[in-house]
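Engineer: give me coordinates for this.
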Amino acid sequence: MMRILKGLIKLILFLVPLAVMVAGAGILWASRSQAPLDGAMQIAGLGEDVTITRDGNGVPHIKAKTRADAAAGLGFAHAQDRLWQMEVSRMAGQGRLSEMFGEATVGTDIWLRTMGIHDAAEGSLSVMDADTMAMLEGYARGVNAWMERDPRVFSAKLPPEFLILGHEPEPWRPVDTLTAIKMMSISLAQNLGEEALRLGFARLGLSEPEIQDLLPYLDVDAAPDMPDLTKLLGLETGPIGAEMVSADASDSFAGIDGVLATGASNNWVISGERTQSGLPIVANDPHLGLMAPSVWYLAHMEVTEEFDEPRHLIGTSLPGTPFVLLGRGNDIAWGFTNTASDVQDVFVERVNPDNEDEYLTPTGWAEFGTKDEIIKVKGGDDQRFTRRWTRHGPVFPASYKDFDKLLPDNTVAALQWVALAHDDTTAMAGPRLYNMRTVEDFQAGFEVFVTPMQSMVVGDRSGNIGFVAAGRLPRRDPANQLMGRAPAPGWNAIYDWRGYAPYRDLPRENNPESGLIATANTKIVGPDYPLHLTFDWDEPYRQDRIEALINGREEKHTVAMSRQVQADVFSPAFASLKPRMLKALEGKSLSASDQDLVALLASWDETMARDASEPLLFMAWVRHAMIMAFEDDLGFLFEDWFRIRGKVMERLLDGETARNWCDIATTEAEESCEQIVGAAFDAAVADLSARYGDDASQWRWGEAHYARGAHRPFGEVGLLKRFFNVEVESGGGPFTLDRGRTQVQDDDDPYANTNAASYRGIFDLADLDRATYIQTTGQSGNVFSGHYSDFAPIWADVNSIEIPATDVVDPAGVWRLSPAS
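Structural biologist: As a prediction, this is how the structure comes out:
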């Protein structure tokens, strides 16, 4: 027995070190999937030599003679640093995520395949001009050169995600780039959610004033009265029991709902008459869903011989595309925010009860377009479904947004959406940027921009400032009283689009007398503007705050002052709500500890600083007040509607709503809002105590409101998320300029920062080489890289880096690409 025991011990002593050595060797092998800092490669089809010089921050400075070769250099760099991110975007656009991730993404694939994202990209290839096609083909050439290389000794050819999932990427094609651009449109989609909510609220039997309590218009908007949706669409009304709701609908489409409508942003341009340098200052910080790696990749592109002088573009690129989308050129700097124009309409289509293959049009029955689709599922059986579409667009999966339970029998919901155009020329704006020298050049050059509509500010070195909202804008019939606010009857021609607004008629402004143009997703036009953009604007808190901070100072503006504005964490909405909430506590019996917390809030300056406890307490208080006031009335629709809504809460607490939402439906007594707000305070304190301990002095906003850069797909996978997610404490909140939106409907982690400034750029046209940039994580998407998360603490502190157009002084490495002989 002793001999056997000793033998086992010896075997263990041998196997354990061996296992450790094998694991270590595997990690070393995977870690060497990072690109070497220096190298050379010959690439078939390359026109001339290209150099890729990386600086100490991992930013590539790409020099080529032509735009097509510069695109090849960027494709090569993207593939070296962000190949997995590119692959996820491409597979998502094609509706093929389940080939990598299995059953969990089938719903997302069905939705994306139904929309026909990739089909639209395929169709748009035929309308690209020669310059754009040359860049698309050059980019694919660079990506494929890196993917098809022979790896160095003892190294993985592909990043760790490919190895873990056993996935092999296909060659990159020009259409994949157009698909990546389409996927950006998905993330900036607007209005569909509001349409579905208004439908749902009408189905519950809510009146139009009650619906406006929940989805109010701006005070400056004079929206026409909504038609009665119950009559217009033939809706039943009344409570919808939980058993009637698709049990798995929210889970099935959670992936796509998490992507839709996450975009906001700030930008401004200030005239040189108001700046210390005497030339314009441009600032931009687009707010998008946080991810690891960042949605953006910083790059410097230099084209040396295609124009009369070397042309530079520096700023953010989108992995999967060959363009600098936000940043500066030789003589201009620009920034985007999401206009949030209404470019989506849901149509209710009546199905022929005698022939389910037909739907009703203004001229009679017509056949649905159909296509059989097969979704291959890793580790499971293929999923088959039939995609359908009408003259308006794709028919939603029946259970999406619970349309199958909200709409009458024998009807389906279809979507008309600018982003699904098969003649989308948006990509053609990319090559034009190299040749833009003035504000007028910029405004003229973006006529080809289709989707997503963006509010663009720009300044030039001649001292001009300007703005244009570029994108394809639907025109609606004056008799259409819905105006895109709720689903329309597809059989009535009044609700059909009447083409698109001419580019010359879109919102535009040059050199205003005020010397300031700023946009922040709220209304950008005056009451006399003739075209309809939307009624679902963002609340104006951020817009008003930008104007107050910039116009409220008499001294000349500087880059440092723009950085202070970007870093501002004062919450105008909470400053408005705080006295209303505190007043509701008057007369409530409070413990000594609760009195201390109330006194703390009373003296709070309404800044969402990460080291403070007050923002966390107030956010939790408002969150619980909204749950207690509205959840019982809205039922299963509450989760889709629920976010912190400042104007809704102001009207509720002022008693200016069409009904008493604070009355709890399941009790006989009629509760007041003072009672609900008081009970919500108790619930908030109990909730925070359970999450962060009983000592309220130790509560910190930054701990709860950490910026959650989630990796796909390992951001939710056990121990892997500790390595793949990029998380850092952050300040700000849903209404601050340093924005940090939370998913308050997520009870497991309601205060995490999931949508924030994905990039910050500030440009003084007097010295563009001192312009500053930052994105949220780091340049590399390889978890083994030192540049995987090195930007995160810089970003969290609202600091930045410089990327001058001059040669890199101390390069970290140089790659030299040359034409294959």
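Engineer: okay, CA-based contacts and neighbour counts for the rest of this
Structural biologist: Will do.
Engineer: next one, pLDDT for the most centrally placed residue in the chain please.
Structural biologist: The structure's the chain has its C-alpha centroid closest to L288; by C-alpha atoms, centre = their mean the separation is 3.4 Å. Per-residue confidence (pLDDT) for L288: 95.
Engineer: pairing partners for the helix or strand encompassing it, with directions?
Structural biologist: In this structure, L288 is located in strand 281-289 according to DSSP states H and E. Strand 281-289 has its sheet partners listed here by DSSP bridges as strand 264-270 (antiparallel), strand 753-757 (antiparallel), strand 759-764 (antiparallel).
Engineer: right, and the helix or strand after it?
Structural biologist: Stepping forward along the backbone from strand 281-289, the first helix or strand reached (DSSP H and E) is strand 291-292.
Engineer: just how off-centre is that following strand within its chain?
Structural biologist: Shown here is strand 291-292, whose average C-alpha point lies 12 Å from the average C-alpha point of the whole chain (C-alpha atoms, centre = their mean, to the nearest Å).
Engineer: pass me the low-pLDDT residue ranges in the chain, would you?
Structural biologist: 1-3, 5-30, 154, 241-251, 254, 257-263 (pLDDT under 70).
Engineer: please parse it into its domains.
Structural biologist: Annotated domains of the chain cover 32-341+419-566+765-772+786-821, 572-755 [automatic domain parsing].
Engineer: the last one: how far from the chain's middle?
Structural biologist: Taking C-alpha atoms, centre = their mean, one finds the center of domain 572-755 at 22 Å from the center of the full chain.
Engineer: distance between the ends of that domain?
Structural biologist: End-to-end distance of domain 572-755 (C-alpha to C-alpha, to the nearest Å): 19 Å.
Engineer: got it, and the first one?
Structural biologist: Domain 32-341+419-566+765-772+786-821 has an end-to-end distance of 29 Å (C-alpha to C-alpha).
Engineer: please apply the same query to stretch 199-218.
Structural biologist: With C-alpha to C-alpha as the measure, the ends of stretch 199-218 fall 20 Å from one another.
Engineer: tell me which residues are up against that stretch.
Structural biologist: Applying C-alpha atoms under 8 Å, 6 or more residues apart in numbering, the contact partners of stretch 199-218 are 194, 198, 223, 226, 228-230, 235-240, 406, 486-487, 535-537, 539, 634, 637, 647-648, 651, 657-659.
Engineer: repeat that with 6 Å
Structural biologist: Stretch 199-218 is touched from outside by T237, G238, P239, T657, A658, with contacts defined as C-alpha atoms under 6 Å, 6 or more residues apart in numbering.
Engineer: just stretch 633-646 next, same as before
Structural biologist: Residues external to stretch 633-646 that are found in contact with it (C-alpha under 6 Å, 6+ apart): A573, E631.
Engineer: buried stuff in stretch 585-599?
Structural biologist: Judged by neighbour count (16 or more other C-alpha atoms under 10 Å), stretch 585-599 contains these buried residues: L585, L597, V598.
Engineer: likewise stretch 151-160?
Structural biologist: Judged by neighbour count using 16+ other C-alpha under 10 Å, the buried positions of stretch 151-160 are S155, A156, K157, L158, P159, P160.
Engineer: start to end distance for it?
Structural biologist: Using C-alpha to C-alpha, the end-to-end distance of stretch 151-160 comes to 14 Å.
Engineer: now swap in stretch 527-534 and tell me
Structural biologist: Looking at stretch 527-534, the gap from its leading to its trailing residue is 13 Å under the measure C-alpha to C-alpha.
Engineer: contact partners of it?
Structural biologist: Residues from elsewhere that reach stretch 527-534 (C-alpha under 6 Å, 6+ apart): S341, D342.
Engineer: the helix or strand containing D345: what's the following helix or strand?
Structural biologist: When secondary structure is defined by DSSP H and E, D345 falls within strand 344-352. Using DSSP H and E, the helix or strand that follows strand 344-352 towards the C-terminus is strand 355-361.
Engineer: now do the very next helix or strand once past that next one: distance to the chain's middle.
Structural biologist: Next helix or strand after strand 355-361 toward the C-terminus (DSSP H and E): strand 364-367. In terms of C-alpha atoms, centre = their mean, the centre of strand 364-367 is found 38 Å from the chain centre.
Engineer: can you dump the C-alpha coordinates of strand 364-367 into CSV?
Structural biologist: Only the C-alpha atoms of strand 364-367 are listed here, as CSV (Å, rounded to 0.1, in the frame of the first residue of the first chain):
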residue,chain,number,x,y,z
GLY,A,364,-55.7,45.7,-53.0
TRP,A,365,-53.9,42.5,-51.9
ALA,A,366,-50.3,41.9,-52.7
GLU,A,367,-47.9,39.1,-52.0
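Engineer: I'd say H312 and E302 touch.
Structural biologist: Yes: in terms of C-alpha atoms under 6 Å, H312 counts as a neighbour of E302; the distance is 4.5 Å.
Engineer: quick one, helices of the stretch 651-800 of the chain?
Structural biologist: According to DSSP state H, counting those that start in this stretch, the stretch 651-800 of the chain carries its helices in the segments 673-692, 701-704, 720-724, 792-796.
Engineer: of these, which is nearest D568?
Structural biologist: The closest of the helices of the stretch 651-800 of the chain to D568 is helix 792-796. By C-alpha to C-alpha, the value is 12.4 Å.
Engineer: list of residues touching the closest one?
Structural biologist: The set of residues that contact helix 792-796 without belonging to it, under C-alpha under 6 Å, 6+ apart, is S730, T776, T777.
Engineer: what's around the second one, how many residues?
Structural biologist: Taking other C-alpha atoms under 10 Å as the neighbour definition, T776 ends up with a count of 31.
Engineer: torsion angles phi and psi at it?
Structural biologist: According to degrees, to the nearest 10, the main-chain angles of T776 amount to phi -90, psi -20.
Engineer: single out the most deeply packed of the domains of the chain.
Structural biologist: Scoring these by mean neighbour count under mean count of other C-alpha atoms under 10 Å gives domain 32-341+419-566+765-772+786-821 as the most buried, with a mean of 20.
Engineer: ok now that one, how far from the chain's centre?
Structural biologist: Averaged over its C-alpha atoms, domain 32-341+419-566+765-772+786-821 has a centre that lies 8 Å from its chain's centre (C-alpha atoms, centre = their mean).
Engineer: I'd like the numbering to begin with 78 instead of 1 from here.
Structural biologist: Done: numbering now begins at 78, and the last item shifts to domain 109-418+496-643+842-849+863-898.
Engineer: for the stretch 228-377 of the chain, which segments count as helices?
Structural biologist: With DSSP H, counting those that start in this stretch as the criterion, the stretch 228-377 of the chain has helices at 237-242, 251-264, 269-280, 285-291, 306-310, 326-329, 331-334.
Engineer: got these as CSV, with distance to G603 columns?
Structural biologist: Converted to CSV, the helices of the stretch 228-377 of the chain look like this (distance: least, C-alpha to C-alpha, whole Å):
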stretch, distance to G603
helix 237-242, 50
helix 251-264, 26
helix 269-280, 23
helix 285-291, 22
helix 306-310, 29
helix 326-329, 38
helix 331-334, 32
